[in-house]
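> Here's a sequence, model it:
(one chain, ligands or ions: 1)
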Amino acid sequence: MRKILVAGNWKMNGSKAMVNSLLDGLLEGSRDERNVDMAVFPPFPYLAEVQKKLEGSEIAWGGQTVNPQEKGAHTGEVAASMLLDFACRYVLVGHSERRSIYGESDEDVAKRFAAALEAGLEPVLCVGETLEEREGGITESVVGRQLDAVLERSGVKSFENAIVAYEPVWAIGTGKTASPEQAQAVHAFIRDKFAALDAIIAGQLRILYGGSVNGSNAADLFAREDIDGGLVGGASLKAEDFLAIRNAVD
Ligand code: PGA
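Okay, here's the model as predicted:
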């Protein structure tokens, strides 16, 4: 059984005060033993604060994106080595907001994934279709293409140290969660795709679901065979809401 991971993507939200009270709440509320890993993804300026609070705890943390270059003239970007300086374990790559608002192509995402992995970070590769693509019946070909870009560059073995997050774009921040059946179907497609390349990696791979996960729908999602956790946006900004998702794990 793969251990469930509940990951909180704070996006561009927070303040020093909010980060401190949120993390205090999470530490306080996650003392009981449960078969679940937790991680938070704060905006870059709060990484130092997060490291200070969480070091030595069971909660891990990561960056929301990473630049593929090691250093240089890339104003506004952050290198993998910088994330490692703040003891990040994970980094999100290819979140749909990075793809749609900041124009990251499959190729860019693949480069970011490769750089993260090479530096020793564990990338969380985000994939997912838009509403139009779902209605057009091309969900699997879109998700397949997004995965292929990374598989072609880094190879299936790279997923020994990586995570996939399936996030249908139409479910992100909309309050419209994919049904557990809809999510499970795409998760099974993803796992089968990996299984065709390497059965062991496919069996170990954690595939998270993201898109309006909350305390009421989490248990039903996590109960599905191929759903190994959640990438949570809105509901990760309040300790109580995020803990409700964690506590939905048996
Ligand atoms: P949401 O965001 O939970 O607010 O829908 C999920 C995500 O973007 O990772």
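
> pLDDT below threshold where in the chain?
1 (pLDDT under 70).

> which parts of it sit against the ligand?
9, 167, 172-173, 210-213, 231-235 (CB under 6 Å from any ligand atom). Every C-beta, even on glycine, is put in place using the N, C-alpha and C of the backbone.

> Skipping adjacent residues, who's closest to whatever residue of the chain ends up closest to the ligand in space?
Residue nearest to the ligand within the chain: G233 (2.3 Å; CB to the nearest ligand atom). Leaving aside its chain neighbours, G233 sits nearest to N9 (5.2 Å; criterion: CB to CB, 6 or more residues apart in numbering).

> Check the residues of the chain next to the ligand and tell me the two furthest apart.
Using CB to CB, the pair of the residues of the chain next to the ligand lying farthest apart is E167 and A235, separated by 13.8 Å.

> The two: who's more crowded?
Higher neighbour count among E167 and A235: E167, with 28 against 22, using other CB atoms under 10 Å.

> which residue sits closest to that one in space, ignoring its chain neighbours?
Using CB to CB, 6+ apart, the closest residue to E167 is G210 (3.7 Å).

> Next, give phi and psi for the one you found.
Dihedral pair for G210: phi -130, psi 150, per degrees, to the nearest 10.

> Residues contacting stretch 7-24, please?
Here stretch 7-24 makes contact (CB atoms under 8 Å, 6 or more residues apart in numbering) with 38-43, 46, 49-50, 53-54, 59, 64, 90, 92, 95, 97, 124, 165, 208, 210, 229-233, 236-239, 242.

> rerun that using 7 Å as the cut-off
If you take CB atoms under 7 Å, 6 or more residues apart in numbering as the criterion, stretch 7-24 is touched by 39-43, 46, 49-50, 53-54, 64, 92, 124, 208, 229-233, 236-237, 239, 242.

> For that stretch, list the C-alpha coordinates in CSV.
C-alpha atoms of stretch 7-24 as CSV (Å, rounded to 0.1, in the frame of the first residue of the first chain):
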residue,chain,number,x,y,z
ALA,A,7,0.2,18.3,-0.1
GLY,A,8,-0.8,21.9,0.4
ASN,A,9,-0.1,24.3,-2.4
TRP,A,10,-0.5,27.8,-1.0
LYS,A,11,-0.1,29.5,-4.4
MET,A,12,0.4,33.3,-4.0
ASN,A,13,-1.2,33.5,-0.6
GLY,A,14,0.2,34.2,2.9
SER,A,15,2.0,36.6,5.1
LYS,A,16,4.5,36.0,7.9
ALA,A,17,1.8,36.0,10.5
MET,A,18,-0.4,33.7,8.6
VAL,A,19,2.4,31.2,7.8
ASN,A,20,3.3,31.1,11.5
SER,A,21,-0.2,30.5,12.8
LEU,A,22,-1.0,28.0,10.0
LEU,A,23,2.1,26.0,10.7
ASP,A,24,1.5,26.1,14.5
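
> List the buried residues of that stretch.
Within stretch 7-24, the residues that qualify as buried by neighbour count (16 or more other CB atoms under 10 Å) are A7, G8, N9, W10, K11, G14, V19, N20, L22, L23.

> Which ones among those lie within helices?
Judged by DSSP state H, helices contain the following of the buried residues of stretch 7-24: V19, N20, L22, L23.

> Which pair of those residues spans the longest distance?
N20 and L22 (7.3 Å).

> Need phi/psi at the residue lying farthest from the centre of the chain.
Here the chain reaches farthest from its C-alpha mean at A73, the gap being 27.6 Å by CA atoms, centre = their mean. In terms of degrees, to the nearest 10, the main-chain angles of A73 are phi -80, psi 80.

> Sweet, I'm off.
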